[in-house]
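Chemist: kindly return the folded structure for what I paste below:
(chains A, B and C)
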Amino acid sequence: MHKKQGISVRTVVAIGIGTAIFFVLMRYIPIPTGVPDTNINLAYGFLALMGSIFGPVAGGLIAFLGHMFNDLTWGEPWWTWIVADGIYGILFGLTKKYLNIENGGLTKHKLVIFNVYQIIISVLVWGIIAPTGDVLVYSEPASKVYLQGITSVICNALSVGILGTILLVAYARTRSKKGSLKKES
Amino acid sequence: MNNPIISFQDVSFQYQSQSEPTLNHLNFDIYAGEKVLIAGPSGSGKTTISRLMNGLIPSAYPGKLSGKILINGQSVTDQTIFDLSLKVGTVLQDPDTQFVGLTVAEDIAFALENDGEKQSVLKQKASEWAKQLGISEIINNHPQEISGGQKQRVAMAGVLVDEGKILLFDEPLASLDPVAGRESIELIDEMQKKGDTTTVIIEHRIEDVLYKSVDRIILVDEGEIVANDTPDTILKSGILAKLGLREPLYLSALKYAGVDLKQVAHVDNVNDVALTENTVAAVKKWVQPHHSQTLATDQEPVLKAKDISFSYDSKQVLNKLNLSIQPGEMVSLVGRNGVGKTTLSNIITGFLHQSSGSLTLNGKVMDDDSIKERADHIGYVLQDPNMMISKNTVSEEVALGLTLRQVTPDEIETRVAETLKVCGLFEYRHWPISALSFGQKKRVTIAAILVLNPELLILDEPTAGQDWRHYTEMLTFIRDLNQKTGISVIFITHDMHLMMEYSDRVVVLNDGVIAYDDQPMKLFANLDLLKQASLVETSLFTLAQRVKVDPEDLIASFIDQERVGQRDE
Amino acid sequence: MNNNVLIGYKQRDNFVDRLTGTTKLIGLIALSVIGMTSFDTRFLLVLTVCSLALFRVSGIKFHEVSFILGFITVFSVLNLIAVYIFGPKYGVHLYGSEHVIWQGIGPYNLTWEQLFYEFNLFLKYIFTVPLALIFLMTTNPSEFSSSLNRIGISYRISYAVSLALRYIPDVQNDYRQISRAQQARGNEISKKGKLTHRVKVAGQILLPLIFTSLDRIETISQAMELRRFGKLKKRTWYAARPMKRNDFLALIVIALVVLVGIYLFKVNGGRFYNPFK
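Modeler: Numbering: from 1, shown residues only, chains lettered A, B, ... in the order given. Modelled structure (predicted):
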């Protein structure tokens, strides 16, 4: 076996493919909420899955790079939110050990805890870190950016809560032991 | 005798995730400069052998290995996957996953980049190998811009840059059309002769590989070697059919004609096979004159396309195309890649809109019908079942289309059960789809479409990547379905055997119009048309020419006989 | 959806085009960060004018980017209105004086301070646009990862970026196919229906895309290991380009601009330039 130098090749590829998917979801497939200019971003549900499978480095970079590419194609790299996104990805990556999803360790209980955790980190990242960054760096009025922040908290937590949960459960199923399947007549 | 370059000595292997060993006590040697075909049905363990040679076991697939594997006299267990990659260059099955560079040149240079070679070396080697493989003009192209055959050449160049002595091909024909496949086999042959490399090909399509001679065939079944001999001996022994592998067509034809293969010399190539007077006489006697029936067309067609035109990026893809499909017909839609087969099926299903012309369904114009409305009549099944499955269990997946159409639960239950029975999946109805085999998954996706009771089914490459046994199962299933329900079927395919034996009609698309629309045997007797459709002549055609009978008659006799054979099974 | 990576790189053969990706990357990051932090109007104006000039030199045609420009304009205007609605007196608060132009209702009057503040914001929104577009449209994607590697990011992560660019078109294509197949069964992301339901439907459509991609991660990483990716501590790049004299000149200019920006913080006693004092 070869010695480890930095992240594994599998993680490298996960970051690459993950970023590609994150970007496509964010750029081309927004779900309009009905409130103008506010979309549910499916990329976050996907991010939750990638973080829990591949860990914090992959999670952080997928979100950071995916968001950066998205912003660049609009000509507007909004660094505060890009960085916030990276933090969000890292925080999702931290669930890897606990969920142990790759070895079929996902349980209902863990899924509930995961959802509590994702709501907390959504509030932390989109309700506090990102808007505070905007106040400090862009000097925008606090009430405006915090309102934007709260909207993002709701949208992203929804995306993770619904899509993320669907994906986690579906992935865990493919990982669980085949068990004793019997043909039925 | 010199030492073998690859040597398996009493090798057994069991994957960590499996309860049974995949390989049992394998013994074989491959010598420098040899060209060896390793064949076997899916699940036989042939891919595992290749993973043992290139180091993916244990690097990517851990498990329990016993016995000894020597490459160049050195044990593989002492070497990393990186060390091994310098000796064994692997061309993987799916050229899209192997192509990791952003352009052709970068992908060729990828291994050398990882060795930290100087840029001047990278550029020189990339252009040198691109030239060797005839891909110099596309060296700056993106992977999205080139064909499957070209991608495979890039993959070959990308491992040839190492100038290792062993080349390993994992199912090189799986994703290529017949012309590209033949070119690929020629190229592999050329590289082996020129570079003095040892070549190992893992394939189940034996006749296509034998288009250029190989030194030896190793047959694997259920983790054991069942034969290891020259092609001639193996073909004569008749073991292929027993393993569920396809025998070369010309040999089947000779057998049908009552020729004893044991008495025939050089059976491994249709051009070399010795045809004595007796053999020729036997074939001539067997071939029956063929009466071409005209197809009944008095019925209202299920689908009629009239003057359909479509252009994309100011390029005319379809130009006033006319086509009609009769109820209960099985039609193969063929043509080279990019000729517009997918575009046409997308127009039929409503994913794209024609720029002019009109489509009628059972006599009614359907140009304004939505995708969903059309889907009640026309089902479309993608090549890769994994791209269609979105539910957990078999019955949920099959029920999805009905659920979304707000059908009552009771009706859903009966219709799903009915469909599952037709598709032979009823006993698996509560299984998670992830536990099914590839062929079963494919059936699930077909069932999920059939449950909507369409009158027309469009199947995109329904047989891709399946060995002979599964292939026959799949197509027999579709034909039974067609006979039981009267559903019309359009196959979008490159598979010549499918066209020959399972289609009533073949439609060749070329230059935006239908270039041929008739029974299959006529197409296979016409070399110009075959070329337009990116198909190659079958060995039956060559055999007919050699015994001097009408190719159309020989092919028709062959098909008749095959159908009889299948019915008897 | 364009088949080419992101929005159409093509060779344009001019001064900007010939700079290495490294220079352009450093330039984009450095300038966007200093422009993001600075509220010195004079500085932002110069930055905006210069980046527009650069855009002109880069040879990108207006019609190539008109869609994006339209979007950015709408985005900026909406944002500026939102800022006014939520903080009509924010400018007054920042600059510490109040010059009323028009007396409205309650806090909603119009002051020079507010106008000036929002003008600053406007410049901040738009000055990056030409720079980002230049970066995307004149940097050969192949060269991008070698540039990242050169500025000190590990080659593994740099290569991950290259893989992302490589597979974005494939992912788009897969998505298109999958969503069509689902639409035929009656599954589509529509604008109607309950929000949570819509997300669930989207989930069903995405499931096959994501799971086939996860399989792909395994096979691609095997393919890369079979060609020795990850063997050494460093790797070389086919598409890397050497830094030339113009690159160093450009980097010096960029450094000067950044230094001026920082110097202005000192002159202004903070990030803001205040003409009302």
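Chemist: for the residue in the stretch 1-150 of chain B that chain A sits nearest to, grab the count of nearby residues.
Modeler: For the stretch 1-150 of chain B and chain A, the shortest gap (CB to the nearest CB) falls at B:T80, measuring 5.0 Å. C-beta here means a position set from N, CA and C on the backbone, and glycine is covered the same way. Residue neighbour count, defined by other CB atoms under 10 Å in any protein chain shown, stands at 16 for B:T80.
Chemist: got it, and C:L256?
Modeler: Using other CB under 10 Å, C:L256 has 10 other residues around it.
Chemist: ok, it to chain B distance?
Modeler: Distance of C:L256 to chain B, given as CB to the nearest CB, to the nearest Å: 31 Å.
Chemist: does the helix or strand hosting B:L84 reach chain C?
Modeler: Applying DSSP states H and E as the criterion places B:L84 in helix B:81-87. Yes: with CB under 8 Å from any CB of the partner chain as the criterion, chain C is reached by helix B:81-87 at B:81-82, B:85-86.
Chemist: just the buried members of these?
Modeler: Buried residues within the residues of helix B:81-87 next to chain C, counting neighbours by 16 or more other CB atoms under 10 Å in any protein chain shown: B:81-82, B:85.
Chemist: returning to what we had before: surely the residue of the stretch 1-150 of chain B closest to chain A meets B:G55?
Modeler: Yes: using CB atoms under 8 Å, B:T80 is in contact with B:G55, at 6.9 Å.
Chemist: how deep is residue 121 tucked in, by neighbour count?
Modeler: Just going to use chain A. For A:I121, the neighbour count with other CB under 10 Å is 24.
Chemist: think we crossed wires, I meant chain B
Modeler: B:V121 sits with 14 neighbouring residues when counted by other CB under 10 Å.
Chemist: next one: C:I34
Modeler: Neighbour number of C:I34 under other CB under 10 Å is 21.
Chemist: same question for C:L78.
Modeler: Using other CB under 10 Å, C:L78 has 12 other residues around it.
Chemist: and it, how far is that from chain A?
Modeler: 6 Å.
Chemist: give me the distance between that residue and C:I85.
Modeler: C:L78 is 10 Å from C:I85, where distance means CB to CB, to the nearest Å.
Chemist: where does the nearest residue to B:L303 once chain neighbours are set aside fall, phi/psi-wise?
Modeler: Nearest residue to B:L303 in three dimensions, chain neighbours excluded: B:I325, at 4.4 Å (CB to CB, 6 or more residues apart in numbering or on different chains). B:I325 adopts backbone torsions of phi -120, psi 120, taken as degrees, to the nearest 10.
Chemist: any idea how many residues pack against B:I325?
Modeler: Each residue near B:I325 was counted by other CB under 10 Å, and the total is 24.
Chemist: gap between it and chain A?
Modeler: Look at B:I325 and chain A: by CB to the nearest CB, they are 34 Å apart.
Chemist: okay but that residue is in contact with B:Q299, surely?
Modeler: No: applying CB under 8 Å as the test, B:I325 and B:Q299 come out as separate, 10.6 Å apart.
Chemist: okay, and C:V83 sits in which element?
Modeler: Using DSSP H and E, the element containing C:V83 is helix C:62-86.
Chemist: again but with B:G181, I slipped
Modeler: Using DSSP H and E, B:G181 sits within helix B:178-195.
Chemist: what sits against C:V171?
Modeler: A:17, A:20-21, A:24, C:209, C:213 (CB atoms under 8 Å, 6 or more residues apart in numbering or on different chains).
Chemist: list the contacts of B:Q18.
Modeler: B:Q18 sits next to B:G63 when contact means CB under 8 Å, 6+ apart.
Chemist: related to what we said a few turns ago, following the chain past the helix holding B:L84, name the next helix or strand.
Modeler: Sequence-wise, the next helix or strand downstream of helix B:81-87 (DSSP H and E) is strand B:88-91.
Chemist: does chain C sit close to that following strand?
Modeler: Yes: using CB under 8 Å from any CB, we find that strand B:88-91 touches chain C at B:T90.
Chemist: quick one, strands of the stretch 151-300 of chain B?
Modeler: B:166-170, B:198-202, B:216-221, B:224-229 (DSSP state E, counting those that start in this stretch).
Chemist: pick out the residue of chain C closest to chain B.
Modeler: C:G186 (3.5 Å).
Chemist: quick one, phi/psi of that residue?
Modeler: Phi and psi for C:G186, reported as degrees, to the nearest 10, are phi 100, psi 10.
Chemist: can you pull the contacts of the residue of chain B at minimum distance from chain C?
Modeler: Taking CB to the nearest CB as the measure, the point where chain B comes nearest chain C is B:L404, at 3.5 Å. Contacts for B:L404 (CB under 8 Å, 6+ apart) come out as C:185-187.
Chemist: one more pass at 6 Å, please.
Modeler: Taking CB atoms under 6 Å, 6 or more residues apart in numbering or on different chains, we find B:L404 in contact with C:186-187.
Chemist: cool, and B:V226?
Modeler: B:L219.
Chemist: with B:V200 instead?
Modeler: B:36, B:168.
Chemist: hmm, back to that, the helix holding C:V83: which residues count as buried?
Modeler: C:65, C:68, C:72, C:76, C:79, C:82-84, C:86.
Chemist: which residues does the helix or strand just after it contact?
Modeler: Next in sequence after helix C:62-86, counting helices and strands by DSSP H and E, comes helix C:90-95. If you take CB under 6 Å, 6+ apart as the criterion, helix C:90-95 is touched by A:141, C:98, C:111, C:113-114, C:117, C:274, C:276.
Chemist: average pLDDT for helix C:90-95?
Modeler: Helix C:90-95 carries an average pLDDT of 88.
Chemist: now the angle from the helix holding B:G181 to strand B:198-202?
Modeler: Between helix B:178-195 and strand B:198-202, the angle formed by their directions is 160 degrees, by axes from the mean of the first three to the mean of the last three CA atoms, to 10 degrees.
Chemist: and the contacts of helix B:178-195?
Modeler: With CB under 6 Å, 6+ apart as the test, helix B:178-195 has contacts from B:35, B:149, B:152, B:172-173, B:199, B:208, B:211-212, B:494, B:534-536.
Chemist: as a markdown table, those with pLDDT would be great.
Modeler: Formatted as a markdown table, those follow (pLDDT from 0 to 100):
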| residue | pLDDT |
| --- | --- |
| B:K35 | 95 |
| B:G149 | 89 |
| B:Q152 | 93 |
| B:P172 | 91 |
| B:L173 | 89 |
| B:T199 | 95 |
| B:D208 | 93 |
| B:Y211 | 93 |
| B:K212 | 93 |
| B:H494 | 88 |
| B:S534 | 84 |
| B:L535 | 89 |
| B:V536 | 90 |
